[in-house]
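1. sharing a model prediction with you, sequence too.
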Amino acid sequence: MHKMKVTYIAETSLTNKSAYSHHVIKMCDTFTKLDHDTILITSKKNFNFNYKKLKNDFALKGKKSFKVLSFAKFNSENFFTRILFGIKAAVFLKNHKADLILSRSIITSFILSLFKIHHFLEIHSELKSFTKFIMVNLNFINSDYIVKIILISKALNKVFNLENKKILILHDGVDIDNFKRQKIINNIKSASYIGSFYKGRGIKLITNLAKNFGNLKFNLYGDKSKVLKSKISKIKNLKFCGFVKYKEVPKILSKSDILLMPYSNNVEVRAKGINTAKYCSPLKMFDYLAAGKIIISSKLDGINEVLKHNKNAILVKNFDYKSWEKSIFEILDGKYNIKNIQKNSLKTAQNFTWEKRAKKIIKARRI
């Protein structure tokens, strides 16, 4: 594999706590790990940005750093500033040639096409409003200058219905080196959830489970400001631990027995008006797999592409308390071969590393 110049474009900062930023950071780190010179262009100012701190917080593996350029002209973000960012990125790429260009920005992708710059476009959710009009109605999504459209799951293509030759299905990934080999679980004592507390993430469901499984400790990690503490303060075996840096995640998961992903049929994200339930592929799912624990997850199309019931996880068909209660009782009663599930969980994680994801993109560039 010869050394390349890689440019990654993203509408984010590196100092927020979103899965979007996490994904971008890990992908850029992976390209540098593969010895490619990598530049990340962001649309937002990275206040107090320090690469050494970033490397420590996210347990990055690249021996050298990727370069970060902020093209933010204004602090606020609207359609005008997004257009301006796309133009600045395109002008930069006209003057600084790259062997591989990836964009997480729909509007920037549109502008790159106008500038006749070949690139990959990565999409993790359906499109709304004007971006949908530009890319779908005006058919820019089939631009000859978009080499491949990377989708987070096969289920997401049901929204776009793109030709197979145009798309590259790549779920998120994990650095399995961050996780130590786990022992077989013999005595189940705890259950954990790590992630955001947006609507549809099952936080209320977990709270109800904690009330009725007093012998288990339930630990939730995320932004505590979104939780009404008065309603949970009396549940002794439920603890809201707050947001943790990624470097702490492997340690937390290693101390847990059951890992929870209780998604409803209406899952909200940072962008308003978008429901990702049918096609989501949660980034934390791959950390859960690499931890080699017992995953209990909602049965949703995007998730089902990775998790298989009674093989590498326990899938719950209905998003209701009785169904989840039944699944936990079955685990505690020894219905499932936990040793086999743990083994298959680790095997699955090995197929979804960030390095394999990056190599598939590089391979698609050559086709």
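-> Cool, the structure landed. Residues are numbered from 1 along each chain as shown.
2. how about the strands in the chain?
-> In the chain, the strands defined using DSSP state E lie at 5-10, 37-42, 67-70, 100-103, 119-123, 146-151, 167-169, 190-194, 217-221, 238-240, 258-261, 294-298, 314-316.
3. strand 146-151 and the fifth one, what's the angle between them?
-> Pointing back at strand 119-123 there. Interaxial angle, strand 119-123 versus strand 146-151 (axes from the mean of the first three to the mean of the last three CA atoms, to 10 degrees): 20 degrees.
4. if we can go back for a sec, could you dump the strands of the chain to TSV with distance to Ala59, mean pLDDT and mean neighbour count?
-> Heads up, the C-betas are built off the backbone N, CA and C, glycines and all. Converted to TSV, the strands of the chain look like this (distance: least, CB to CB, whole Å; pLDDT from 0 to 100; neighbours: other CB atoms under 10 Å):
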stretch	distance to Ala59	mean pLDDT	mean neighbour count
strand 5-10	19	97	24
strand 37-42	18	96	22
strand 67-70	18	92	16
strand 100-103	22	98	25
strand 119-123	22	96	24
strand 146-151	24	96	22
strand 167-169	26	96	18
strand 190-194	15	96	22
strand 217-221	16	95	21
strand 238-240	24	92	19
strand 258-261	19	97	26
strand 294-298	21	97	24
strand 314-316	28	97	21
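5. what's the closest of these to Tyr336?
-> Closest approach to Tyr336 among these (CB to CB): strand 314-316, 6.6 Å.
6. ok, which of the strands of the chain comes nearest Ser345?
-> strand 294-298 (6.7 Å).
7. before we move on, the earlier item: out of the strands of the chain, which is closest to Glu77?
-> The minimum distance between Glu77 and these falls on strand 37-42, with 11.5 Å, by CB to CB.
8. tell me the contacts of Glu11?
-> By CB atoms under 8 Å, 6 or more residues apart in numbering, Glu11 lies in contact with 42-44, 77, 82, 85, 104-105, 108.
9. do the same with Leu121
-> 102-103, 106, 109, 141, 146, 148-150.
10. what residue is smack in the middle of this protein?
-> Residue closest to the average C-alpha location in the chain (CA atoms, centre = their mean): Leu283, at 3.0 Å.
11. quick check: that one touching Tyr20?
-> No - Leu283 is beyond contact range of Tyr20, at 9.3 Å (criterion: CB atoms under 8 Å).
12. hmm, back to that, export the contacts of Leu121 to JSON lines and append columns for distance to Ile25.
-> Listed next are the contacts of Leu121 as JSON lines, based on distance: CB to CB, whole Å:
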{"residue": "Leu102", "distance to Ile25": "13"}
{"residue": "Ser103", "distance to Ile25": "16"}
{"residue": "Ile106", "distance to Ile25": "20"}
{"residue": "Ser109", "distance to Ile25": "20"}
{"residue": "Ile141", "distance to Ile25": "26"}
{"residue": "Ile146", "distance to Ile25": "24"}
{"residue": "Lys148", "distance to Ile25": "22"}
{"residue": "Ile149", "distance to Ile25": "22"}
{"residue": "Ile150", "distance to Ile25": "17"}
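13. which one of the residues you listed is nearest Ile303?
-> Nearest to Ile303 among the contacts of Leu121, with distances taken as CB to CB, is Ile150, at 18.3 Å.
14. no more questions from me, cheers.
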